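Colleague: sequence below, structure please.
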Amino acid sequence: MGSNGIRSIGGIKLAVAVVVGLAVVIGGGFAAGVLGTPSVTGVDNAFGNVTEETTEIHTDIHVRNPNPIGVTAGGLTVDYEVRMNGIAMANGTKSGVSIDRGNDTIPTTTAMNNSRIPDWWVSHLQNGERTTLTVHADVHSSLLGRSFDAPSVERGIDTSLIEAFNSTEDKEVNASSPVVPDPVLVIRETRGEWGTVSESETEIRMSFDVYNPRSVPIAVSGIGYDVAMNDVEMGSGATNSSVVIPPRSEETINATFRLENEHLDEWWVSHLQNDQVTTLAADFYFRIDLSEGGGDTVRVPLDTMTRTIETDIFGGGADDPSGNDTADGSGSDGDGTDTSGTATPADAPGETETRDDSTTETETDDGLLGSDPETDTPSDTPTPTDTESTTETTTDTPTETATETDDGGLLGVRRSGTRERTPIGVR
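Modeller: Predicted coordinates for the structure are as follows:
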């Protein structure tokens with residue numbers, strides 16, 4: 001072997017020794033308390049591109065490295081998960097991540113399979129139209145042999161779709177028949193409640209308090225219905241039960257209607273594409289038997305019942321995080337309540353930097369997600385409102401405050417990261 005070959009082998013051995021030695025020194029520095037421990041200071045989420053099959057969820061994990069050098073030896077692994085009422089909606093792992101000194105952001109993108117929506121819908125209704133959103137993330141260093149958890153994030157989301165079916169306003173029912181003058185009936189009150197909710201269908205149980213102002217009995221031989229959310233057909237049909245209402249008397253008509261949960265993923269897409277706004281519209285008709293007055297059975301449409309709700313699932317999507325809704329008037333809905341912990345990084349010099357270089361990273365998911373998104377297409381309307389602050393103290397420098405700004409929320413654009421966001425491969 002020539003002298004050049006010997007020198008090459010010697011150089012490789014020296015490089016390996018330097019890397020190993022550096023890893024030992026860094027690990028020892030952390031163990032001895034000479035170097036500060038990196039920490040996760042916050043997590044931001046936002047919806048990205050929405051298709052018939054998948055919903056992109058962008059997650060920005062904000063990391064604080066209090067050391068004067070970046071963390072690259074051994075790399076970092078990021079795990080994150082988004083749950084709604086305990087149902088895993090999106091999760092994944094990103095490996096081979098390095099972070100610069102000071103504040104840094106690790107951007108991730110995963111694709112949620114929209115087939116998860118029916119399971120969430122069932123839990124939402126069974127929980128009184130309330131959803132608890134939780135986001136968990138941690139960063140693990142193989143070099144240090146430990147993980148750094150992010151502050152806990154929990155958010156409550158409330159809706160009141162069932163209110164569309166509640167009314168105490170008198171509504172006249174006009175048959176336009178020559179044998180019985182209008183109104184043939186007056187609906188005094190309607191009440192609705194969720195019935196049985198399964199994977200395949202959702203029941204709506206309704207009661208109609210109906211008054212007959214005429215001098216002859218009026219029979220309601222059936223009620224038809226057609227319910228849509230954002231013009232997505234959710235269910236239609238008719239009941240065949242008959243109720244006879246005596247002259248100048250009031251009777252209660254009970255009926256059960258059914259929505260098909262197979263349409264929920266299509267509705268979900270419309271909800272996000274409509275800036276998290278949904279309008280429920282319910283059209284009903286009575287089949288009225290006028291034979292007691294010498295007439296026939298006629299089909300009479302009733303006034304449309306509507307309810308508009310607005311959600312802000314990840315928070316920070318509007319100036320008023322409580323949202324609003326209206327149902328033939330005005331009301332409030334979509335209330336969101338946030339709770340989050342506070343991260344306190346270890347003592348060390350701090351500074352904030354950004355960088356332009358890109359890193360090579362690999363990502364995996366839990367196999368529950370949809371097809372691999374080809375493009376990273378967030379919404380183009382940023383709506384930041386939430387601000388999370390982290391205060392850090394060191395024995396060598398004055399106290400400083402690092403402020404992270406939440407840009408996630410109502411279809412908000414994701415933060416301009418310090419490195420390119422690569423969608424997670426899904427299988």
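Colleague: rest of the way, CA atoms for contacts and neighbours
Modeller: OK.
Colleague: quick one: Arg116 from Asp79, how far?
Modeller: Distance check for Arg116 against Asp79: by CA to CA, to the nearest Å, it reads 20 Å.
Colleague: and what of Val300?
Modeller: 57 Å.
Colleague: do the same with Asp100
Modeller: Using CA to CA, Asp100 is found at 19 Å from Asp79.
Colleague: so Glu169 makes contact with Arg188?
Modeller: Yes - if you go by CA atoms under 8 Å, Glu169 and Arg188 touch, sitting 6.3 Å apart.
Colleague: these two - which one has more neighbours?
Modeller: Arg188 (17 against 11; other CA atoms under 10 Å).
Colleague: helix or strand for the more buried one, which one?
Modeller: According to DSSP states H and E, Arg188 maps onto strand 185-197.
Colleague: so which residues make contact with that strand?
Modeller: Applying CA atoms under 8 Å, 6 or more residues apart in numbering, the contact partners of strand 185-197 are 122, 125-126, 162-163, 165-174, 202-214.
Colleague: which other helices and strands does the helix or strand that it is followed by contact?
Modeller: Once the chain leaves strand 185-197, the next helix or strand it forms, by DSSP H and E, is strand 201-212. Where contact means 3 or more CA pairs under 8 Å, 6 or more residues apart in numbering; DSSP states H and E, strand 201-212 is packed against strand 185-197, strand 243-245, strand 249-260.
Colleague: repeat that for 7 Å
Modeller: Contact partners of strand 201-212 among helices and strands, from 3 or more CA pairs under 7 Å, 6 or more residues apart in numbering; DSSP states H and E: strand 185-197, strand 249-260.
Colleague: where are the low-confidence patches of the stretch 1-150 of the chain?
Modeller: Applying pLDDT under 70 to the stretch 1-150 of the chain picks out residues 1-35, 71-74, 143-144.
Colleague: 80 - rerun?
Modeller: Scanning the stretch 1-150 of the chain with the threshold set as pLDDT under 80 gives 1-38, 67-75, 141-146, 148-150.
Colleague: now do the stretch 201-350 of the chain
Modeller: The stretch 201-350 of the chain contains residues with pLDDT under 80 at 316-350.
Colleague: what segments of it are helices?
Modeller: With helices called from DSSP state H, counting those that start in this stretch, the stretch 201-350 of the chain shows them at 264-273.
Colleague: now Glu310: closest residue in space that isn't a chain neighbour?
Modeller: Leaving aside its chain neighbours, Glu310 sits nearest to Val277 (4.4 Å; criterion: CA to CA, 6 or more residues apart in numbering).
Colleague: neighbour count winner among Val300 and Asp79?
Modeller: Taking other CA under 10 Å, Val300 and Asp79 do not tie; Asp79 has more neighbours (20 against 16).
Colleague: host element of the more buried one?
Modeller: Element membership for Asp79 (DSSP H and E) is strand 71-84.
Colleague: ok so, going back, ok, the residue nearest to Glu310 to Arg83 distance?
Modeller: To Arg83, Val277 is 21 Å away according to CA to CA.
Colleague: same deal with Ile69?
Modeller: 35 Å.
Colleague: what about these two, which has more around it?
Modeller: For the pair Ile69 and Arg83, the greater number of neighbours falls to Arg83 (18 against 12), based on other CA under 10 Å.
Colleague: could you give the bridge partners of that one?
Modeller: In this structure, Arg83 bridges to Ala88, Thr134 when assessed by DSSP bridges.
Colleague: try the one 10 residues further on
Modeller: Using DSSP bridges, the bridge partners assigned to Thr93 are Asp79, Thr364.
Colleague: quick one: residues contacting Pro200.
Modeller: For residue 200 the amino acid is Ser, not Pro. Going by CA atoms under 7 Å, 6 or more residues apart in numbering, Ser200 touches 260-262.
Colleague: which of those residues lies closest to Met112?
Modeller: Of all the contacts of Ser200, Met112 sits closest to Glu262, with 17.0 Å by CA to CA.
Colleague: which residue, neighbours along the chain excluded, lies closest to that closest one?
Modeller: Closest to Glu262 by CA to CA, 6+ apart is Ser200, at 6.6 Å.
Colleague: repeat for Thr306
Modeller: Using CA to CA, 6+ apart and skipping the chain neighbours, the partner closest in space to Thr306 is Ala281 (4.5 Å).
Colleague: I'd say the one you found and Val227 touch.
Modeller: Yes - if you go by CA atoms under 7 Å, Ala281 and Val227 touch, sitting 5.8 Å apart.
Colleague: could I get stretch 52-66 in PDB with only the CA atoms?
Modeller: Extracted in PDB, the C-alpha atoms of stretch 52-66 (Å, rounded to 0.1, in the frame of the first residue of the first chain):
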ATOM      1  CA  GLU A  52     -61.900  14.500  -1.100                       C
ATOM      2  CA  GLU A  53     -59.600  11.900   0.500                       C
ATOM      3  CA  THR A  54     -57.200  13.800   2.700                       C
ATOM      4  CA  THR A  55     -56.700  16.900   4.800                       C
ATOM      5  CA  GLU A  56     -53.200  18.300   5.300                       C
ATOM      6  CA  ILE A  57     -52.300  19.400   8.800                       C
ATOM      7  CA  HIS A  58     -49.200  21.600   9.200                       C
ATOM      8  CA  THR A  59     -47.500  21.400  12.500                       C
ATOM      9  CA  ASP A  60     -44.700  23.800  13.500                       C
ATOM     10  CA  ILE A  61     -42.700  22.600  16.500                       C
ATOM     11  CA  HIS A  62     -40.800  25.500  18.100                       C
ATOM     12  CA  VAL A  63     -37.500  24.500  19.800                       C
ATOM     13  CA  ARG A  64     -35.200  26.500  22.000                       C
ATOM     14  CA  ASN A  65     -31.500  25.500  22.000                       C
ATOM     15  CA  PRO A  66     -29.800  27.600  24.600                       C
END
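Colleague: bridge partners for the nearest residue to Ala238 once chain neighbours are set aside, pull those for me.
Modeller: Among residues not flanking Ala238 along the chain, Gly224 sits closest, at 3.9 Å (CA to CA, 6+ apart). Beta-bridge pairing for Gly224 (DSSP bridges): Ala238, Tyr285.
Colleague: residue contacts, Gly224?
Modeller: Neighbouring residues of Gly224 by CA under 7 Å, 6+ apart: 237-239, 284-286.
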